[in-house]
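S.K.: based on what follows, work out the 3D shape:
(2 chains)
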Amino acid sequence: MTDTKTFIKSVAIAILMVFALPLAANNDETNHEGESQEASAHVGDAEHHDSEDSGKFVPGDFIMHHIADAYEWHILDKGDFHLSIPLPVIVYSETSGLNVFMSSKFHHGHESYRNFKIAHEGENEGKVVEIIQGKEVVPIDLSISKNVVSLFVSLIIMMWLFFSIAKTYKKNPNSAPKGKQSLLEPLIIFIRDDVAKASIGEKNYLKYTPFLLTIFFFIFINNLMGLIPIFPFGANLTGNIAVTMVLALFTFVITTAVANKNYWVHIINAPGVPWWLKFPIPLMPVVEIMGVFIKPFVLMVRLFANITAGHIVALGFYSLIFIFGEMSVGLGYGVSVVSIAFTIFMSILELLVAFIQAYVFTLLSALYFGMATEEAH
Amino acid sequence: MLLTILLQVASYAAFAKMGAGIGAGLAAIGAGIGIGGIGGKAVEAIARQPEAVGDIRSNMIIAAALVEGVAFFAIVVTLLIVFM
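M.R.: Below you'll find the predicted structure:
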């Protein structure tokens, strides 16, 4: 017992000594106060390359740059050395037709190429725009951007995982599971039994199980990939509202397509509701019809906001290190201990959120399918 | 008196940002009260019937995710105010 107590005491003393570092290295504070006020006035501005050039750290741009989609995969910056992987830009404009080129032609957004450039301010900020007669026109953009590459990577991972497991099930159906099979089998059985069968019912849950399993593993694997900062992972795919909109749209389309007469009767003429809520002013039917659209919309916003908020919080804790580091180097090192501890805690929470959001999306989709195919009772 | 002070403010963008800040705080309070209530009732239920821990835990997580979804609506609105 005394061994662990002395160990904990020495760790605590080491941490407290790191906090004493800022007291030692405090002599470069004076010039930075005037400049930091200017920097805070510019936080709302779009010119993130200017902040790189002047060396000032602008947390808002740093966070947005890591969350948003991009035309190149930025890996690291060290002083003047940028390392980023250029990605193909595929745009179809009305004047020059289909244009396919690598985004390295933009030279990190500073130059224009064939009348296209990346807009830095205004409503089209961050997108490729075409300059037609001096005005910015947004062409049809089919580029393989960072999120699209991340989507392909997750597709490859999912296909590799599930095709190999399916082959094992087909070849030896009665042997004990091992390897990837034993990792994923509990999850698959959990979704099949406790989510699909429980919500949709014994009769036709098997029809919807492929979709539910795909959605669950797609969201779960992409959430996890967003948390790993190393190259081909680390893009914020499920935090992109277009992606979550498509997933919610799938759920909406399937619910509406398989809905039987009972479902529509329950919406227009809900049984058990007093007549005066339906007859002169159809309050109940209007609320129910709004619900038909709001339920998938909420699915979309819930997943998007949870994942994006988690990334913003983790990035915010990292930014603290650099904000304090601008004031004085020792303070930066001191804050980094606390910041890293908080970021580890937030990342553990984010792992939980990754699973829970995938589970909640799948469970609610299964519930909507169940409600749509329910028999009268 | 207060109105004359308000009328002197030339740019309304500052008020919008203050509104966004207050909105984010209210969203946090809402989520805190909601999920705190869920957690409390769930723990009470486990105390009453310890063998139902698994069911209670999964229902608590589902309800917490749904309540957080509502709080995130408010966050999305405040982010829209700040960035647009």
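S.K.: kindly report the residues of chain B close to chain A.
M.R.: Contact residues, chain B versus chain A (C-beta under 8 Å from any C-beta of the partner chain): B:61-62, B:65-66, B:68-69, B:72-73, B:75-76. Just so you know, the C-beta spots here come from the backbone N, C-alpha and C atoms, and that holds for glycine as well.
S.K.: Throw the residues you listed into JSON lines and include distance to B:A27, thanks.
M.R.: Below are these laid out as JSON lines (distance: C-beta to C-beta, whole Å):
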{"residue": "B:I61", "distance to B:A27": "20"}
{"residue": "B:I62", "distance to B:A27": "20"}
{"residue": "B:A65", "distance to B:A27": "16"}
{"residue": "B:L66", "distance to B:A27": "15"}
{"residue": "B:E68", "distance to B:A27": "10"}
{"residue": "B:G69", "distance to B:A27": "12"}
{"residue": "B:F72", "distance to B:A27": "8"}
{"residue": "B:F73", "distance to B:A27": "8"}
{"residue": "B:I75", "distance to B:A27": "6"}
{"residue": "B:V76", "distance to B:A27": "10"}
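S.K.: please, which helix or strand holds A:E288?
M.R.: Secondary-structure assignment from DSSP states H and E places A:E288 in helix A:283-327.
S.K.: compute the inter-axis angle for the helix or strand following that helix and helix A:283-327.
M.R.: Sequence order places helix A:329-372 as the next helix or strand after helix A:283-327, per DSSP H and E. Orientation check (axes from the mean of the first three to the mean of the last three C-alpha atoms, to 10 degrees): helix A:329-372 against helix A:283-327 gives 160 degrees.
S.K.: can I see the domain layout of chain A?
M.R.: As recorded under automatic domain parsing, the domains making up chain A are A:82-141, A:146-372.
S.K.: would the shortest one count as contacting chain B?
M.R.: No - against chain B, domain A:82-141 shows no contacts by C-beta under 8 Å from any C-beta, the least distance being 9.0 Å.
S.K.: check contacts around the closest residue to A:L349 other than its chain neighbours.
M.R.: Counting by C-beta to C-beta, 6 or more residues apart in numbering or on different chains, the nearest residue to A:L349 once its immediate chain neighbours are dropped is A:G310, at 7.5 Å. Taking C-beta atoms under 8 Å, 6 or more residues apart in numbering or on different chains as the criterion, A:G310 is in contact with A:346, A:349-350, A:353.
S.K.: tell me the pLDDT of A:A41.
M.R.: On the pLDDT scale, A:A41 is placed at 38.
S.K.: hang on, I meant A:F355
M.R.: Note on A:F355: pLDDT of 92.
S.K.: look at A:I131 and give its secondary structure.
M.R.: Three-state call for A:I131 (DSSP: H, G, I helix; E, B strand; the rest coil): strand.
S.K.: and for it, the neighbour number?
M.R.: For A:I131, the count of nearby residues is 13 (other C-beta atoms under 10 Å in any protein chain shown).
S.K.: quick one: is stretch A:211-224 near chain B?
M.R.: No - if you take C-beta under 8 Å from any C-beta as the test, stretch A:211-224 misses chain B, and the best it gets is 12.7 Å.
S.K.: how about that stretch as CSV, C-alpha atoms only?
M.R.: Provided in CSV are the C-alpha atoms of stretch A:211-224 (Å, rounded to 0.1, in the frame of the first residue of the first chain):
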residue,chain,number,x,y,z
PHE,A,211,-29.9,-2.2,-44.3
LEU,A,212,-29.7,-1.8,-40.5
LEU,A,213,-26.5,-3.7,-40.2
THR,A,214,-24.9,-1.7,-43.0
ILE,A,215,-26.0,1.6,-41.5
PHE,A,216,-24.8,0.7,-38.1
PHE,A,217,-21.3,-0.4,-39.2
PHE,A,218,-21.0,2.4,-41.7
ILE,A,219,-21.7,5.1,-39.0
PHE,A,220,-19.6,3.3,-36.3
ILE,A,221,-16.6,2.7,-38.5
ASN,A,222,-16.7,6.3,-39.9
ASN,A,223,-17.1,7.7,-36.4
LEU,A,224,-14.1,5.7,-35.2
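S.K.: mind listing what's buried in that stretch?
M.R.: A:211-213, A:215-224 (16 or more other C-beta atoms under 10 Å in any protein chain shown).
S.K.: next step: these restricted to helices.
M.R.: Using DSSP state H, A:211-213, A:215-224 are the members of the buried residues of stretch A:211-224 that sit in helices.
S.K.: worst-scoring helix or strand of chain B, pLDDT-wise?
M.R.: helix B:2-8 (a mean of 69; mean pLDDT, DSSP states H and E).
S.K.: could you give the average pLDDT over the helix or strand that that one is followed by?
M.R.: Sequence-wise, the next helix or strand downstream of helix B:2-8 (DSSP H and E) is helix B:13-48. Averaged across helix B:13-48, the pLDDT comes to 93.
S.K.: would you mark the buried spots in helix B:13-48?
M.R.: For helix B:13-48, by 16+ other C-beta under 10 Å, it's B:20, B:23-24, B:27, B:31, B:34-35, B:38, B:42, B:45-46.
S.K.: ramachandran angles for the residue positioned nearest the centre of chain A?
M.R.: Centroid-nearest residue in chain A, with C-alpha atoms, centre = their mean: A:G239, separated by 2.3 Å. Backbone dihedrals for A:G239, given as degrees, to the nearest 10, come out at phi -90, psi 10.
S.K.: pretty sure it sits against A:G226.
M.R.: Yes - A:G239 sits in contact with A:G226 when judged by C-beta atoms under 8 Å, with a separation of 6.7 Å.
S.K.: need the overlap of contacts for those two.
M.R.: Joint contacts of A:G239 and A:G226 (C-beta under 8 Å, 6+ apart) are A:307, A:311.
S.K.: helices of the stretch 151-300 of chain A, residue ranges please.
M.R.: A:180-190, A:198-200, A:205-227, A:241-258, A:261-268, A:283-327 (DSSP state H, counting those that start in this stretch).
S.K.: could you dump those to TSV with mean pLDDT?
M.R.: Shown next, in TSV, are these (pLDDT from 0 to 100):
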stretch	mean pLDDT
helix A:180-190	89
helix A:198-200	88
helix A:205-227	93
helix A:241-258	94
helix A:261-268	88
helix A:283-327	88
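S.K.: turn those helices into JSON lines, columns for distance to A:N115.
M.R.: JSON lines is the format used below for the helices of the stretch 151-300 of chain A (distance: least, C-beta to C-beta, whole Å):
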{"stretch": "helix A:180-190", "distance to A:N115": "49"}
{"stretch": "helix A:198-200", "distance to A:N115": "53"}
{"stretch": "helix A:205-227", "distance to A:N115": "34"}
{"stretch": "helix A:241-258", "distance to A:N115": "26"}
{"stretch": "helix A:261-268", "distance to A:N115": "51"}
{"stretch": "helix A:283-327", "distance to A:N115": "33"}
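S.K.: follow-up on the earlier one: between the buried residues of stretch A:211-224, which sits nearest A:H110?
M.R.: A:N222 (31.5 Å; C-beta to C-beta).
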